[in-house]
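Colleague: let me see the structure of the following:
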Amino acid sequence: MHSKRRLSAPELLLGFALASSGVVTACAGGDGASSAAAGGSGARAGATSSGGAGVAQGGVSADHAGAAPSNEAGATASEGGVGATTSEGGAGAAHSGAGGVGGSAAANNAGSQSVGGDEGLAGDSNASAGSSGSLNGAGGEAGAVDTSLKQPVYPAAKFPPENPDSDAKDMLGKILFWDEHVGSDDTMACGTCHRTGKGGGSDPRAVESTKWNPGDDGVFGTNDDIHGSQGIKYCTGGDGAAVSYAPAPAPSPFGLNRQITSRRAPTYLDAMFAPELFWDGRASGQFVDPVSKAVLIQAGGALESQSVGPPMNAGEMACAQRSFASLLAKLASVTPLSLAKDVPPAMQAAISAAHGSYTELFAAAFPGAASPLSAPHFAFAIATHERHLQSDQTPWDRYNQFLNDPRTGDRNALTPAQVHGFELFMGKAKCGTCHIPPFFSDFKFHNLHFVTEKDLGRQALPGHAGDPPGQVKTANLRNVGLREAQGLFHYGYGPGLSLDAVLAWYNIPPGTITAQDIAQDPLLASVTRLDLTTAEIADILDFLRNGLTDPRVKNQAFPFDRPTLSSE
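Modeller: Next up is the predicted model:
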């Protein structure tokens, strides 16, 4: 008898990340140093590191004092006491306080955490021989900024040489993404299941319990109902022909109703950096023309591979037996976005310039092509648009930019509580083990027992029969606060019901992990109690919900603006 409540890797990501020991990626500043971010009223904890000069206070410094952060360095709390991430050897300095008044800065022994000036208590600043890994406060007003929290900045997107960037392709891809004509029966767009604003890159409809997949037990209204995405009703015909609806074939439980996916819709934002897409990675970096089967992109084409899946899937956007030929013929005969409302002006202008013709839009995006309106070009356009959807203006990004270059960024972009939450995220809570900045994912596949035994994950893919069952990709936590109401990760229930539930689950992990479990995923050996306090959990939640939200995504501002779908 199988367990119905096994957890999934991505869901566990936060949890696993919360519990795993060992090296904490990108969390160390200097050689094996990590610290709580000190600065602002009530900042707590201090910088600890091995070797180097002491911490300087006051004035504005444009220099990054101390050694550059290392993605390799830093032992975890299991080696250095609760909350510490120092490597062996050397003492550090604790540094904090309100209004730039130094808290009682204590010297740390290797592997221990120093708390100085908690809640802004004044005292003498006394830096012992630790790495000088902090930026000085502006005029002493905000206290020292701990550069051990510095991470790599969000990079520019890379475009495959086989599909270079262009404004015309970007615009065509955006129009295609939001056009319900791409669905066989004119009810489904790519953007139906992947929205900005309240969707946060996923499907805001998943908040409605009447629109959930019944899960493994096949019974609606039970605890294993999956917060999936509503797709098309089962049908034949379409694409200009008459649409005929029929009950979905057994064992589908949906009958004449809309079919609902068996996993949550992952965010489509910031997806250009993942080498493989979908929860199980079935959209590979090698893009194959869905019609000719020729390899058109050797590597880096996961977005192109992903874009041609749902439009042909009879449970998502397509009537049964749909072909790309029928989709392309339909596009040649319709007016782009004629089913949508509130079309952004730039999109309206592009459609008008093309005389309301997809044929002209494709020709403009692929000049000189013998057959501009084609399946590969459909994929190339959507992928090009998605590579422009970089949510790199979160408060964390602005704060991290300041840590990398004090002349830019914003040292006040994160509140002191959010800075402390991020420090815990990378340290005591160990979220950063898998949710590695700046993408907040390692893009790897794990089974940390959040999946049910029926969900084989990556093992179900061709060529992966030898993989452990249930492996799924680490979730991207950018804009996770916008997605939280829908349920998190790939099922949306149980420990993934909310960020509170995830943190509670991994603060005190339930159940027993066996040797067989560890053999399938060695990361499970590191899942232990975290003993986070209520205040620490609150700061982590504040960081996740607010520090990782790009306001342009939340407000649906360019490039995250969009039309209103007819189904809304």
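Colleague: who touches residue 227 in this structure?
Modeller: Shown in contact with residue 227 (C-beta atoms under 8 Å, 6 or more residues apart in numbering): 206-207, 212-213, 264, 486-487, 491-493. C-betas here are computed from N, CA, C, even on glycine.
Colleague: can you do 7 Å?
Modeller: Contact analysis of residue 227 by C-beta atoms under 7 Å, 6 or more residues apart in numbering lists 206, 212, 264, 486-487, 491-493.
Colleague: backbone dihedrals for the residue nearest to it when sequence neighbours are not counted, please?
Modeller: In space, and not counting its chain neighbours, residue 227 is closest to residue 492: 2.9 Å by C-beta to C-beta, 6 or more residues apart in numbering. Main-chain dihedrals, residue 492, degrees, to the nearest 10: phi 90, psi 0.
Colleague: residue 492 reaches residue 263, doesn't it?
Modeller: No - at 9.0 Å, residue 492 does not count as touching residue 263 under the criterion of C-beta atoms under 7 Å.
Colleague: where do the contact lists of these two overlap?
Modeller: Shared contacts of residue 492 and residue 263, counting by C-beta under 7 Å, 6+ apart, come down to residue 226.
Colleague: to which secondary structure element type does residue 500 belong?
Modeller: helix (DSSP: H, G, I helix; E, B strand; the rest coil).
Colleague: can you pull the contacts of it?
Modeller: Here residue 500 is in contact with residue 541 (criterion: C-beta under 7 Å, 6+ apart).
Colleague: quickly find the element holding the most centrally placed residue in the chain.
Modeller: Centroid check for the chain by C-alpha atoms, centre = their mean gives residue 476 as the closest residue, at 1.7 Å. Secondary structure from DSSP states H and E places residue 476 outside every helix and strand.
Colleague: number the chain from 22, please
Modeller: From this message on, residue numbering opens at 22, which makes the last subject residue 497.
Colleague: any idea how far it is from residue 172?
Modeller: Separation of residue 497 from residue 172 (C-beta to C-beta, to the nearest Å): 15 Å.
Colleague: one more: residue 228?
Modeller: From residue 228 to residue 172 the distance is 32 Å (C-beta to C-beta).
Colleague: compare those two and say which is more crowded by neighbours.
Modeller: residue 172 (24 against 14; other C-beta atoms under 10 Å).
Colleague: helix/strand/coil for that one?
Modeller: Residue 172 ends up coil, using three-state DSSP.
Colleague: what comes up buried for stretch 289-304?
Modeller: For stretch 289-304, burial by neighbour count (16 or more other C-beta atoms under 10 Å) applies to 289-295, 297-304.
Colleague: again, but for stretch 230-244
Modeller: 232-237.
Colleague: closest to residue 396 out of those?
Modeller: Closest approach between those and residue 396, by C-beta to C-beta: residue 234, at 29.3 Å.
Colleague: hang on, that closest one packs against residue 281?
Modeller: Yes - counting by C-beta under 7 Å, residue 234 does reach residue 281; the two are 4.2 Å apart.
Colleague: what do the two both touch?
Modeller: Joint contacts of residue 234 and residue 281 (C-beta under 7 Å, 6+ apart) are residue 249.
Colleague: re the thing from before, just the ones in helices from the contacts of residue 248, please.
Modeller: Among these, none falls in helices (DSSP state H).
Colleague: could you dump these to CSV with pLDDT?
Modeller: Output for the contacts of residue 248, formatted as CSV (pLDDT from 0 to 100):
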residue, pLDDT
227, 93
233, 94
285, 91
507, 92
508, 89
512, 84
513, 82
514, 79
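Colleague: tell me where the chain is predicted with low confidence.
Modeller: For the chain, the stretches with pLDDT under 70 are 22-164, 532.
Colleague: which stretches of it form strands?
Modeller: Under the criterion DSSP state E, the chain contains strands at 55-56, 68-69, 155-156, 166-167, 251-254, 256-258, 264-266, 279-281, 308-309, 316-318, 466-467, 493-494.
Colleague: domains for this structure, by residue range?
Modeller: 22-47+412-589, 50-85+103-171, 188-217+234-407 (automatic domain parsing).
Colleague: deepest-packed of those domains, please.
Modeller: Comparing the domains of the chain by mean neighbour count (mean count of other C-beta atoms under 10 Å), domain 50-85+103-171 comes out on top with a mean of 23.
Colleague: turn the contacts of residue 248 into CSV, columns for distance to residue 177.
Modeller: Listed next are the contacts of residue 248 as CSV, based on distance: C-beta to C-beta, whole Å:
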residue, distance to residue 177
227, 32
233, 38
285, 29
507, 30
508, 32
512, 34
513, 33
514, 37
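Colleague: quick check, nearest of those residues to residue 408?
Modeller: Using C-beta to C-beta, the contacts of residue 248 come closest to residue 408 at residue 285, 22.8 Å.
Colleague: list the contacts of the closest one.
Modeller: 223, 227, 248-249, 508, 510-513.
Colleague: swap in 6 Å and give it another go.
Modeller: Counting by C-beta atoms under 6 Å, 6 or more residues apart in numbering, residue 285 touches 248, 511, 513.
Colleague: same deal with residue 375?
Modeller: 381-382.
Colleague: same check, this time on residue 570
Modeller: 415, 500, 502.
Colleague: which residue is the nearest non-sequential neighbour of the second one?
Modeller: The spatially closest residue to residue 500, leaving aside those adjacent along the chain, is residue 221, at 4.2 Å (C-beta to C-beta, 6+ apart).
Colleague: brilliant, that's me finished.
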